[in-house]
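[1] Fold the following, please.
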Amino acid sequence: MAHTYDVAVVGGGPAGSTCAAFCAESGLKTLLLEKAIFPREKVCGDCLNPGCRPILDRLGLTEGVLTLPHSKLAEVEFIGLRGQSAKFALNANEHGEIAVKRSQFDHLLLQHAGECGAEIRQNAAVTSIERGWRIRVGDECISAKKVVAADGRNSTVARLLGLLPSSKKDRVALQTHLPLPRDFGNRVVLRFLPDGYCGMSSVGNDQLNLCLVGKPHHIDALKKWAEAQFAIAPDHSWRTITPLARRAIAPAHENLFFIGDAARVVEPFTGEGIYYALASGELAARHLIAHSPPADYAREHALLYRDRLWVNEIAKRAVMQPRLGSLTLDLLRLNPAVLRFLTGKIVGNALR
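    Residues are numbered from 1 along each chain as shown. A predicted model of the protein is given here:
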């Protein structure tokens, strides 16, 4: 006999856990299905911009996040192909930008969803889903009145329902954590390289988050650069993810909501992924709780992204062509107010 839930959330990352927490707290019978076992690492820059703070406040998790090992980022730096640099100071306080490892951040959110009353199942991969909604996990069939797909850019829910857009593996991201280099400080660095770009940030506990992004045939060259730059062994283990871009999925269907990267993937160069995950998770929960029409969620979801999508498009064009991006950095260094404005659109009130 199938178990029936008001809401079944597929995916336990920031989007899914946020949505499940708010839904369960409101009294909805909520199930969260996560294919991995937490804590687990995740390819990400690990940065939380100030826009995350109000949502974490409403979740009651701000203090919990700040007790995790983290870095209060004091500076953002852009570095061009010739080593030219542009730096901006950040507000390194509790209201500013921080960096915290996703393994710990996501685990905290997942645990909180459970504490709010959501039923959490880990190591629970969805193998089939039928409109209605009937979800199969292993030998068990689960019924839900509404489903939330929070399972990332390669969404299983979207794929099983024939909604996942085709995508070209135009870029690959590699990520790892390393000992923090001496004198690196509490900052985030975005560096253009001939074969792609590199993102670096301190994440607390004297650790560095290092991300490399490039086209598939450039990945070996990027790894060799990193090995020489940071004394990394050739057999070092890297985490990887692809694609980094794909067409958006309509966020609302009949009793089906897409949130986070499952709905729309933003350019990782901007470091806004966690914000959009939290914000879209909260937005979907609000509409689920209110039983509002899917069109209402779709409209507000579009508004959530509208003001920043043009910044993401500029960033994507810059990093897809590092030489052009580096040249653009040269021009923006002549007019730092423009670069400061573009950076401020992303980091918000973190910028001083």
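
[2] CA only for contacts and neighbour counts going forward, please
    Will do.

[3] Could you report the neighbour count for residue 214?
    26 (other CA atoms under 10 Å).

[4] That one contacts residue 173, correct?
    Yes. Counting by CA atoms under 8 Å, residue 214 sits close enough to residue 173 to count as a contact (6.8 Å).

[5] In this protein, where is pLDDT below threshold?
    Where the chain drops to pLDDT under 70, the residues are 1-3, 92-94, 269-270, 308-319, 338-352.

[6] in it, which spans are helices?
    Listed in chain order, the helices of the chain (DSSP state H) span 14-25, 52-59, 62-67, 102-115, 156-160, 219-230, 273-290, 294-320, 322-334, 336-347.

[7] Redo those as TSV? Include mean neighbour count and distance to residue 137.
    TSV is the format used below for those (neighbours: other CA atoms under 10 Å; distance: least, CA to CA, whole Å):
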stretch	mean neighbour count	distance to residue 137
helix 14-25	29	17
helix 52-59	16	29
helix 62-67	14	31
helix 102-115	21	19
helix 156-160	19	12
helix 219-230	15	36
helix 273-290	23	23
helix 294-320	15	26
helix 322-334	18	43
helix 336-347	16	38
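
[8] the longest strand in the chain is where?
    strand 140-149 (DSSP state E).

[9] So which other helices or strands are in contact with that one?
    When contacts are defined as 3 or more CA pairs under 8 Å, 6 or more residues apart in numbering; DSSP states H and E, strand 140-149 packs onto strand 3-10, strand 134-137, strand 256-258.

[10] Can you tell me what sits against that strand?
    1-11, 16, 132-136, 155, 157-158, 255-259, 262 (CA atoms under 8 Å, 6 or more residues apart in numbering).

[11] okay if I get the helices of the chain as CSV plus distance to residue 240?
    Below are these laid out as CSV (distance: least, CA to CA, whole Å):
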stretch, distance to residue 240
helix 14-25, 19
helix 52-59, 25
helix 62-67, 25
helix 102-115, 14
helix 156-160, 18
helix 219-230, 11
helix 273-290, 16
helix 294-320, 18
helix 322-334, 20
helix 336-347, 24
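
[12] how about the ones you listed, which one is nearest residue 85?
    helix 322-334 (8.2 Å; CA to CA).

[13] With just CA atoms, put the closest one into CSV.
    Extracted C-alpha coordinates of helix 322-334, given in CSV (Å, rounded to 0.1, in the frame of the first residue of the first chain):
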residue,chain,number,x,y,z
PRO,A,322,38.9,34.2,-21.4
ARG,A,323,40.9,36.4,-23.7
LEU,A,324,37.9,38.6,-24.4
GLY,A,325,37.0,38.5,-20.6
SER,A,326,40.5,39.6,-19.7
LEU,A,327,40.4,42.4,-22.3
THR,A,328,37.0,43.5,-20.8
LEU,A,329,38.7,43.5,-17.4
ASP,A,330,41.3,45.9,-18.7
LEU,A,331,38.6,48.3,-20.0
LEU,A,332,36.6,48.0,-16.7
ARG,A,333,39.8,48.8,-14.7
LEU,A,334,39.8,52.1,-16.5
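
[14] Good, wrapping up.
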